[in-house]
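Visitor: coords please:
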Amino acid sequence: MAAVSPFRALRPAPLAASRVAAVPYDVVNTAEARALAAGNPLSFLHVSRAEIDLPEDTEPFADAVYAQAVRNFRRLSDEAPLVREDTPSLYVYRLRHGDHAQTGVAGTWAVDEYDDGTIRKHEHTRRDKEDDRTRHVIDLRAQTGPVFLTYRQVPAVDAVVARTMERSALYDFKAPDGVQHAVWRVEAADLDMLRQAFEPVPALYIADGHHRAASAARARRELAGPGGASGAWDWFLAVAFPDVQVRILPYNRVVTDLGSSTPQALLAALAARFTVRDGPAVPERRGEVACFLDGAWRTIDFGGAPAEASPADRLDVSRLQNGVLAPMLGIEDVRTDRRLDFVGGARGTGELEARVRSGRAAVAFSLHPVSVEELMAISDAGGTMPPKSTWFEPKLRDGLLSHAI
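Guide: Below you'll find the model as predicted:
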């Protein structure tokens, strides 16, 4: 069963919500976070990326950063202010960008179900990033950014969500990136119905936020102590969206240099192994990757995936890695090789082309997006995707709903 629990949300006063709400901590670097929060003392980036309020040479994982985050959280609680709900509730959270809309249920979900695999993963996590968010949660005694979950659509959940959205929203504002964020509180009379609607769901899938979920589990173990005491830490903050609404964009690749190769030599090597033709910048179908090299876009056609390949190895991102990046460019470990960088699909192919034309990259690869069905199939099989395989857009905002533990 999928267990969702109401919680006493810590949330900003409605008039301050648009100023508090901030992009997730892990989609911006320190310089970008500092620029986004400039002139806005209520931005939640002062909490999630507290190094922006310290000298520029401060290490992001220094003790001073977590101490600053605690101070900033307390200040924000007073100045926004952040209000603690009197009674536990669940929430409906809608994201709208252009003609795309997705609406999820925000609540707390059982850490036990993360540990036992009911809530399924598709990525490995990095220990240093887990260490960072675990300490952030423990020092603040709060989970301040939701995990993005998805599940196979359930009509009974849809019915409660639709009924909730007929009422007045707690928040409804457009963020600077053009995404409209709206949040409703579920009526008390509907809470049990919504919880029961989720109970038959056999599995939930982490779409975005693997490190947040892993850190919630680690924080629970530390806070519960040797005796395994129960507490609010047994639950983690998340928003669950039905699979039919989730939009995945590609996570594209750029390589800073060609090593010992040249553009002409790389093109010849590609043509010797695959079908290569001119343009376009966006692949038309699975099995194709667009490549910007030597001033032009070309399509690399990998052909059909081998029948014996695993679901993860069938992904275009895997075929690019195994067929091009490793054997032709010498990039063996995508987690550590500094010659490789990743560009979220929301930035568009213009960003890829600009990096190559400016000399910041030697070659760029534009990918066809992974589907939700592929993500679920890999997770169900206990597999993992290559790092940076999926870019979910639009993004949830930090700071609108926090879970005090």
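Visitor: for stretch 224-241, which residues meet the burial criterion?
Guide: Along stretch 224-241, these residues count as buried under the neighbour rule (16 or more other Cβ atoms under 10 Å): Ala232, Trp233, Asp234, Trp235, Phe236, Leu237, Ala238, Val239, Ala240, Phe241. From N, CA and C alone the C-beta is placed, and that goes for glycine too.
Visitor: hang on, I meant stretch 124-144
Guide: Across stretch 124-144, burial judged by 16+ other Cβ under 10 Å covers 129-130, 132-138, 140, 142-144.
Visitor: quick one: which of those sit in strands?
Guide: Using DSSP state E, Ala142, Gln143 are the members of the buried residues of stretch 124-144 that sit in strands.
Visitor: quick check, nearest of the buried residues of stretch 224-241 to Gln196?
Guide: Nearest to Gln196 among the buried residues of stretch 224-241 is Ala240, at 14.8 Å by Cβ to Cβ.
Visitor: quick one, helices of the stretch 51-200 of the chain?
Guide: 63-79, 111-116, 127-140, 155-164, 188-198 (DSSP state H, counting those that start in this stretch).
Visitor: which elements pack onto the second one?
Guide: Right, the one you point to is helix 111-116. helix 210-224, strand 235-242 (3 or more Cβ pairs under 8 Å, 6 or more residues apart in numbering; DSSP states H and E).
Visitor: off-centre distance for the first one?
Guide: To tie it back to what came earlier, the one meant is helix 210-224. Put simply, helix 210-224 sits 17 Å off its chain's centre (Cα atoms, centre = their mean, to the nearest Å).
Visitor: what's the answer for the last one, then?
Guide: Offset of strand 235-242 from its chain centre (Cα atoms, centre = their mean): 12 Å.
Visitor: given it, what are its sheet partners and their directions?
Guide: In the sheet, strand 235-242 lines up against strand 100-110 (antiparallel), strand 147-151 (parallel) (DSSP bridges).
Visitor: for Ala197, find the nearest of those strands.
Guide: Nearest to Ala197, of these and by Cβ to Cβ, is strand 100-110 at 9.2 Å.
Visitor: between the strands paired with strand 235-242, which gets nearest to Ala268?
Guide: The minimum distance between Ala268 and the strands paired with strand 235-242 falls on strand 100-110, with 40.7 Å, by Cβ to Cβ.
Visitor: between helix 210-224 and that closest one, find me the angle.
Guide: Per axes from the mean of the first three to the mean of the last three Cα atoms, to 10 degrees, the angle that strand 100-110 makes with helix 210-224 is 20 degrees.
Visitor: now do strand 100-110 against helix 188-198, angle only.
Guide: In terms of direction (the same axes, to 10 degrees), strand 100-110 departs from helix 188-198 by 90 degrees.
Visitor: surely Val324 and Leu270 touch.
Guide: Yes - here Val324 lies in contact with Leu270, judged by Cβ atoms under 8 Å, at a distance of 7.0 Å.
Visitor: okay, those two: which has more neighbours?
Guide: Using other Cβ atoms under 10 Å, the more surrounded residue of Val324 and Leu270 is Val324, with 24 against 19.
Visitor: show me the contacts for that one.
Guide: Counting by Cβ atoms under 8 Å, 6 or more residues apart in numbering, Val324 touches Leu270, Val289, Ile300, Phe365.
Visitor: try it again with 10 Å
Guide: Val324 is in contact with 253, 255, 266, 269-270, 273-274, 289, 291, 300, 302, 331, 363, 365, counting by Cβ atoms under 10 Å, 6 or more residues apart in numbering.
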